[in-house]
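K.L.:
structure of the sequence below:
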Amino acid sequence: MKNKTRREFRFGFIVQAAIIILMLTAFIPVFLMIILSFKTNAEVYSNFFALPKTLKFSNYSSAFGLLSQNMLNTICVVAIAVVLTLVLSVVGGYVFARMEFPGKNFLYMILIALMMIPGILYLAPNYTLIQEYGIYNTWWALILPWISGGQVLGILLCRNSIEALPVDLFEAAKIEGCGEIRNLIYIAVPLAKPILSTVAVMKMVDYYNDFIWPMMVIESNRKQVITVAVKVFTSSQTGGGGNIGAMFAGYVIATLPIFILFLFTSRLYMEGMTAGAVKG
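P.N.:
Numbers count the residues shown, from 1 in each chain. Predicted structure coming up:
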């Protein structure tokens, strides 16, 4: 028994050590990006992987001065799109979970089928609609397509979450005189908070990281989002007179919101993903 216990301990130790090494390996690009953001061009070209001799904070001031407006644009647009996506998702999820109407199952299957279509196929039709509606080069050109596609997964998750709630809650509320809207606001939404948090985090990351669509529909740099602005900033810094350290500082600045989002919402995200996984 002692030998078996020792073997199990050694095996567990080896597995944990391997996982830790793999995790640290995944963070190597992040650490290297931060190190390079404090270097001068001479230090970058002389020894790429060495630590900087002095921390050049001016790289961050240069990058922030050029990207601050785009970062603010991104935060505003993503926040509006996420809020609207959550509203449509929870309303749609409640309708499909608790209300009966002709063709409900067929309409739900059509909605779910939209998830099977690659997003790249929507680019041309959406671009044509944006031009026809006259909202090209406006924030609505980003917000409306984002929420129209983002609500599909949200409706699916919210519908499953609300459908799993006890029917007695809604029947008791109806006996007390609550209509569908009050049932949605006072019962469905509070009890579906974990899954709504998951949808919010997923859509924040999706909208924030979108690159192709903003590049297609936003022409003005002052209205552009951070992903495209960083690409433009990178192109301006890779020439002969560019500042490599400032370029990497721009990468760090663009990464910070997602990193902060993960720190504060990882617990809510995991709660939403595991909600209903164990029933007792």
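K.L.:
C-alpha from now on. contacts and neighbour counts both.
P.N.:
Will do.
K.L.:
how about stretch 32-40 as PDB, C-alpha atoms only?
P.N.:
Coordinates of the C-alpha atoms in stretch 32-40 are reproduced here as PDB (Å, rounded to 0.1, in the frame of the first residue of the first chain):
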ATOM      1  CA  LEU A  32       8.100  39.200 -23.600                       C
ATOM      2  CA  MET A  33       5.600  41.900 -24.800                       C
ATOM      3  CA  ILE A  34       5.800  43.700 -21.400                       C
ATOM      4  CA  ILE A  35       9.600  43.600 -21.400                       C
ATOM      5  CA  LEU A  36       9.900  44.900 -25.000                       C
ATOM      6  CA  SER A  37       7.400  47.700 -24.200                       C
ATOM      7  CA  PHE A  38      10.000  49.300 -21.900                       C
ATOM      8  CA  LYS A  39      13.000  49.000 -24.300                       C
ATOM      9  CA  THR A  40      14.600  51.400 -26.700                       C
END
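K.L.:
in that stretch, which residues are buried?
P.N.:
Using 16 or more other Cα atoms under 10 Å as the test for burial, stretch 32-40 gives Met33, Ile35, Leu36, Ser37, Phe38, Lys39, Thr40.
K.L.:
what's the distance between the third one and Val252?
P.N.:
Right, Leu36. Look at Leu36 and Val252: by Cα to Cα, to the nearest Å, they are 10 Å apart.
K.L.:
repeat for the fourth one
P.N.:
Ser37 sits at a distance of 8 Å from Val252 (criterion: Cα to Cα).
K.L.:
tell me which other helices or strands the helix or strand harbouring Ala113 touches.
P.N.:
Secondary-structure assignment from DSSP states H and E places Ala113 in helix 104-113. Counting contacts by 3 or more Cα pairs under 8 Å, 6 or more residues apart in numbering; DSSP states H and E, helix 104-113 is packed against helix 140-163.
K.L.:
try 10 Å
P.N.:
Contact analysis of helix 104-113 by 3 or more Cα pairs under 10 Å, 6 or more residues apart in numbering; DSSP states H and E lists helix 58-98, helix 140-163 as its packing neighbours.
K.L.:
please state the offset of the first one from the chain centre?
P.N.:
Spelled out, it's helix 58-98. From the chain centre to the centre of helix 58-98 is a distance of 9 Å (Cα atoms, centre = their mean, to the nearest Å).
K.L.:
could you find the closest non-adjacent residue to the residue nearest the centre of the chain?
P.N.:
The centroid of the chain falls nearest to Val205 when counting by Cα atoms, centre = their mean (1.1 Å). Sequence neighbours aside, Ile258 is the residue nearest to Val205 in space, at 7.1 Å (criterion: Cα to Cα, 6 or more residues apart in numbering).
K.L.:
please tell me I have it right and that neighbour contacts Asn209.
P.N.:
Yes: when contacts are counted by Cα atoms under 10 Å, Ile258 is listed as touching Asn209 (9.3 Å).
K.L.:
what is the mean pLDDT for stretch 35-54?
P.N.:
When pLDDT is averaged over stretch 35-54, the result is 87.
K.L.:
what does that stretch contact?
P.N.:
Judged by Cα atoms under 10 Å, 6 or more residues apart in numbering, the contacts made with stretch 35-54 from elsewhere in the structure are 29, 31-32, 55-60, 241-252.
K.L.:
alright, that wraps it up for me.
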